[in-house]
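Novice: What follows is a predicted protein model with its sequence.
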Amino acid sequence: MATKVKKEELPIEPEKPERSPLFEAARKVLLASIGAVALAQEEIEEFVERLVERGEIAEKDGRKLLREVMDKRKKSAQKAEDEVSKRVESVMDRMSVPSKADIDALSEKITVLTKKVEELKK
């Protein structure tokens, strides 16, 4: 006698919004850079640790060196972030995409005009 096997019902996943290829490429680049930074930091720490173990530098100097490298990395990361922000802003400006400040200003004007219309209706 043959028995029917019920298929497990798969949960229906909500559709994800379509993302532009540019967004996906930027996302992949950012994720890769985060991974590279983490890997570089680990490599630097291991390198300094080996120098300390070999006695080539003192432990105190090793900590100082690590601190200096991390500070430089933070400054470089901040500089890169600022540059990316400027470029994104520039691209959005060329595409005539309104900024948050533009939208906020328009919202404020709409609020004022709505109040005036309500007053005129009375």
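Specialist: It's in.
Novice: ok, which stretches of the protein are helices?
Specialist: For the chain, the helices defined by DSSP state H cover 21-54, 59-94, 100-121.
Novice: Measure how far the longest one is from the centre of its chain, please.
Specialist: Centre-to-centre, helix 59-94 and its host chain are 14 Å apart (C-alpha atoms, centre = their mean, to the nearest Å).
Novice: how far off helix 21-54 does it point, in degrees?
Specialist: 170 degrees (axes from the mean of the first three to the mean of the last three C-alpha atoms, to 10 degrees).
Novice: Kindly report the same for the shortest one.
Specialist: Between the direction of helix 100-121 and that of helix 21-54, the angle (the same axes, to 10 degrees) works out to 140 degrees.
Novice: shaky segments in this structure?
Specialist: 1-19 (pLDDT under 70).
Novice: Please tabulate the helices of the chain in CSV, including the columns mean neighbour count.
Specialist: C-beta: built from backbone N, CA, C; applies to glycine. CSV is the format used below for the helices of the chain (neighbours: other C-beta atoms under 10 Å):
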stretch, mean neighbour count
helix 21-54, 12
helix 59-94, 12
helix 100-121, 9
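Novice: Fine by me, thanks again.
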